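In: Predicted model and sequence follow; I will ask about them next.
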Amino acid sequence: MTLRGTTAVRTLRYAIGLASPGRWHAKRWRAGRAIAGHVVVLATLCLLGCPSDKVDAGAFATDGSATDDTGAQISDIESLDGSQTDAGAVDSQGVSDSGPSDTTEAGDTLQPTDTSLAGDAAQPDASKPDTAVGPVAWATSVHVGAYTSCAVLSTGAMACWGSNEHGEVGNGGAGGTTVTSPSGVLGLTGVTEVAVGGQQACALHTGGKVSCWGDNFYGQLGTGNKHDAHSAPVATKLTVPATHLGGSVYANLVSSTTAVWGWGSNVGDQLLINNFTSSPSPVAIKSDKLSAGVRAVCGGDSFLCALGADQLVRCWGGSPWGEVGHGEVGSSTKPLLPAPVVGLPKVDGLVCGSWHACAWVAGGKAWCWGKNLSGQLGNGGKANVAAATPISGLTGVVAVSAGRQNGCAALSSGEVRCWGSNSSDQLGAGTTKTDSPLPVTIPFAGFAVGVGVGTGHACLLTKAGDVYCWGSNKYGQLGDGSTTVSLQPVHAKPLP
């Protein structure tokens with residue numbers, strides 16, 4: 001889940017404490033591993049030449065210098081990604097509400113949400129100051145994973161907080177920990193897009209390089225290897241510059257106007273490689289239906305979607321709940337090929353949840369399709385729908401974020417509305433454990449420009465660059481320095 005603003009009002013300088021070496025091995029969390037875990041990217045083939053970054057993203061030594069995946073030291077940590085730009089992103093998740101070490105339904109995923117990639121939101125606007133009282137987070141975008149939250153700063157750096165069982169906070173610390181306040185991700189600058197998944201995250205840098213960190217059981221870090229988790233960013237083996245980044249619980253993808261590449265889990269053969277074997281290295285997703293130019297990508301547990309230059313959304317892969325939107329439920333053993341979502345008009349934004357997806361017209365309406373047992377489609381019912389169905393009562397949509405079994409939208413009025421499961425009080429409406437198949441308004445006095453949704457929590461971004469979160473806080477994912485659940489938005493602490 002993601003929220004994004006393209007202009008930061010202030011600059012936050014994070015004090016990054018370098019700890020133990022970035023690469024480490026941890027006990028493996030196997031909950032729901034049968035289903036998600038891929039990454040997707042839109043990658044430009046660069047027939048006319050493309051810019052490149054100075055240095056590959058790598059693991060980090062204790063002295064703060066970068067190393068590549070073999071351990072060779074890189075001298076210039078600042079040149080990890082190039083010049084600094086604002087960020088936009090995507091996220092995914094899909095683990096059970098009970099936490100990273102518990103079992104869950106096979107393949108919970110949470111994907112964010114952007115207009116350009118699951119959940120882009122309007123930029124912070126200094127001319128309309130936020131009315132909420134509290135310190136300023138100075139964030140340009142926020143990205144929410146299963147139990148982890150991240151923010152991109154106006155400097156192009158990143159900070160994350162929450163569960164760090166497999167190093168998904170990215171601060172180089174030991175696994176199995178809880179981080180209750182924002183902590184700097186080692187060595188990242190020039191971040192343009194982010195995808196936070198179940199227990200891993202990836203960042204797209206200026207120039208098209210992608211680096212990832214956290215869990216790697218399915219090869220979702222894209223390093224060519226499986227099982228070796230990394231607590232600091234490492235370079236993927238993507239060989240072409242990426243233009244957009246998306247992700248899901250156990251996978252990631254990148255895209256451009258000419259190609260889509262993915263890696264990680266392949267339980268629905270969403271990588272279109274004619275088997276169900278995960279891929280630890282990026283592979284090109286071959287389909288002439290995606291050659292018209294791709295503007296955004298996102299993924300669920302066993303399916304992928306892409307928003308084309310023609311503003312049509314095409315989805316493919318496994319569809320046990322109708323999540324590819326082809327009008328009927330598909331067999332999980334026979335993946336469906338890319339095709340437009342039935343009943344969906346031309347749109348500007350696209351996001352994916354665990355078993356459903358949503359799209360919207362900027363400043364207009366929004367639609368969802370797929371699994372709906374908790375009301376996560378927001379249409380007032382709980383029946384699964386294999387074609388686009390309107391989210392009830394939403395107009396002036398700025399951004400949408402889709403989680404495991406719920407969703408939220410930021411509106412042009414500055415309001416945030418959420419719907420679906422409230423098992424962890426993630427609807428943020430001050431009520432406990434009561435699901436809502438219709439959108440409910442979050443009680444928040446500020447002006448929100450974006451929103452991100454996790455498995456049991458959610459966050460919003462204000463015009464002034466503040467981050468507020470609510471819902472489950474067992475792993476410190478609200479970022480307020482505590483592990484206390486909150487029924488309403490609380491301010492995430494900035495770093496000193």
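Out: Done, it's in.
In: for the lengthiest strand in the chain, what is the average pLDDT?
Out: Among the segments of the chain that qualify as a strand by DSSP state E, the longest is strand 242-255. Taken as a whole, strand 242-255 has an average pLDDT of 90.
In: Can you name the next helix or strand after it?
Out: strand 260-264 (DSSP states H and E).
In: Can you list the strands that the helix or strand following that following strand pairs with?
Out: With elements assigned by DSSP H and E, the helix or strand that comes after strand 260-264 is strand 279-284. Partner strands and pairing direction for strand 279-284 (DSSP bridges) are strand 260-264 (antiparallel).
In: Would you mind giving the orientation angle of the strand it pairs with with respect to strand 242-255?
Out: 50 degrees (axes from the mean of the first three to the mean of the last three Cα atoms, to 10 degrees).
In: what sits up against strand 260-264?
Out: 37-43, 218-220, 222, 236, 238, 240, 242, 248, 250-255, 270-271, 278-285, 290, 294, 297, 299, 304, 306 (Cβ atoms under 8 Å, 6 or more residues apart in numbering). For every residue, glycine as well, the C-beta is placed using N, CA and C.
In: Please enumerate the strands of the stretch 101-250 of the chain.
Out: Taking DSSP state E, counting those that start in this stretch, the strands of the stretch 101-250 of the chain run over residues 110-114, 139-144, 148-153, 158-164, 177-184, 191-196, 200-205, 210-214, 230-235, 242-255.
In: With mean neighbour count and distance to residue 493 added, can I get those in CSV?
Out: Converted to CSV, the strands of the stretch 101-250 of the chain look like this (neighbours: other Cβ atoms under 10 Å; distance: least, Cβ to Cβ, whole Å):
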stretch, mean neighbour count, distance to residue 493
strand 110-114, 41, 23
strand 139-144, 35, 12
strand 148-153, 32, 11
strand 158-164, 29, 8
strand 177-184, 21, 5
strand 191-196, 33, 19
strand 200-205, 32, 20
strand 210-214, 30, 22
strand 230-235, 28, 21
strand 242-255, 36, 26
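In: Please produce CSV containing those strands, extended by distance to residue 440.
Out: As requested, those are exported to CSV (distance: least, Cβ to Cβ, whole Å):
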stretch, distance to residue 440
strand 110-114, 18
strand 139-144, 18
strand 148-153, 21
strand 158-164, 24
strand 177-184, 27
strand 191-196, 24
strand 200-205, 29
strand 210-214, 32
strand 230-235, 37
strand 242-255, 26
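In: For those, which has the smallest mean pLDDT value?
Out: strand 110-114 (a mean of 34).
In: how close does residue 460 sit to residue 190?
Out: 25 Å (Cβ to Cβ, to the nearest Å).
In: Kindly apply the preceding question to residue 468 instead.
Out: Counting by Cβ to Cβ - residue 468 and residue 190 are separated by 26 Å.
In: just residue 362 next, same as before
Out: Taken as Cβ to Cβ, the span from residue 362 to residue 190 is 26 Å.
In: out of these two, which sits in the busier spot?
Out: residue 190 (23 against 15; other Cβ atoms under 10 Å).
In: just the strands in the stretch 351-496 of the chain please.
Out: So, for the stretch 351-496 of the chain - with DSSP E, counting those that start in this stretch - the strands run 356-360, 366-370, 385-390, 397-402, 406-411, 416-420, 436-441, 448-453, 457-462, 467-471, 486-491.
In: low pLDDT regions in this protein?
Out: Within the chain, the stretches with pLDDT under 70 are 1-137, 256-257, 291-292, 330-334, 495-496.
In: coming back round to it: and the longest strand of the chain, how far out from the chain middle?
Out: For strand 242-255, the separation from the chain centroid amounts to 9 Å (computed by Cα atoms, centre = their mean, to the nearest Å).
In: then that strand to CSV, C-alphas only?
Out: Output of strand 242-255 as CSV, limited to C-alpha atoms (Å, rounded to 0.1, in the frame of the first residue of the first chain):
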residue,chain,number,x,y,z
ALA,A,242,13.2,0.0,-14.9
THR,A,243,10.7,2.8,-15.1
HIS,A,244,8.0,1.5,-12.6
LEU,A,245,8.0,-0.9,-9.7
GLY,A,246,5.3,-3.1,-8.2
GLY,A,247,5.1,-6.0,-5.8
SER,A,248,3.1,-8.5,-3.8
VAL,A,249,3.7,-10.6,-0.7
TYR,A,250,6.5,-12.7,-2.1
ALA,A,251,7.3,-11.2,-5.5
ASN,A,252,8.2,-8.0,-7.4
LEU,A,253,7.9,-6.7,-10.9
VAL,A,254,9.1,-3.8,-13.0
SER,A,255,7.9,-2.3,-16.2
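In: which one is residue 167 nearest to, not counting chain neighbours?
Out: residue 231 (3.0 Å; Cβ to Cβ, 6 or more residues apart in numbering).
In: how close does the one you found sit to residue 441?
Out: 38 Å.
In: Hmm, the residue nearest to residue 167 is touching residue 172, no?
Out: Yes. When contacts are counted by Cβ atoms under 8 Å, residue 231 is listed as touching residue 172 (5.3 Å).
In: and the residue nearest to residue 433 when sequence neighbours are not counted, how many residues sit next to it?
Out: Distance criterion Cβ to Cβ, 6+ apart; nearest residue to residue 433, sequence neighbours excluded, is residue 422 at 6.0 Å. Residue 422 has 25 neighbours, counted by other Cβ under 10 Å.
In: can you check the one 4 residues further on too?
Out: Per other Cβ under 10 Å, the neighbour tally for residue 426 reads 28.
In: Does it touch residue 451 like I think?
Out: No. With contact defined as Cβ under 8 Å, residue 426 does not count as touching residue 451 (11.5 Å).
In: So what sits opposite residue 160 in the bridge?
Out: Counting by DSSP bridges, the residues bridging with residue 160 are residue 150, residue 183.
In: Could you report the distance from it to residue 481?
Out: 15 Å.
In: got a list of what residue 219 touches?
Out: 37, 225-226, 263-264, 278-281.
In: got it, and residue 314?
Out: 289-290, 305-306, 308, 338-341.
In: Now the two most distant members of those.
Out: With Cβ to Cβ as the measure, no two of these lie farther apart than 290 and 341, at 14.1 Å.
In: how close does the closest residue to residue 242 other than its chain neighbours sit to residue 214?
Out: Distance criterion Cβ to Cβ, 6+ apart; nearest residue to residue 242, sequence neighbours excluded, is residue 254 at 3.6 Å. Distance of residue 254 to residue 214, computed by Cβ to Cβ: 17 Å.
In: what do you get for residue 381?
Out: 36 Å.
In: residues near residue 462, how many?
Out: 30.
In: do the same with the one 10 residues further on
Out: Applying the criterion other Cβ under 10 Å, we find 25 residues in the vicinity of residue 472.
In: likewise the one 4 residues further on?
Out: Each residue near residue 476 was counted by other Cβ under 10 Å, and the total is 24.
In: Now do the contacts for the nearest residue to it once chain neighbours are set aside.
Out: Leaving aside its chain neighbours, residue 476 sits nearest to residue 180 (3.2 Å; criterion: Cβ to Cβ, 6+ apart). Neighbouring residues of residue 180 by Cβ under 8 Å, 6+ apart: 161, 476, 479-483.
In: From residue 416, how far off is the closest residue to residue 228 other than its chain neighbours?
Out: Spatial nearest neighbour of residue 228, chain neighbours left out: residue 216 (5.6 Å); criterion: Cβ to Cβ, 6+ apart. According to Cβ to Cβ, residue 216 and residue 416 sit 33 Å apart.
In: I only care about the contacts of residue 219 that end up buried; give me the ChimeraX line for that.
Out: This is the ChimeraX syntax for the buried subset of the contacts of residue 219, where burial follows 16 or more other Cβ atoms under 10 Å:
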select :37,263,264,278,279,280,281
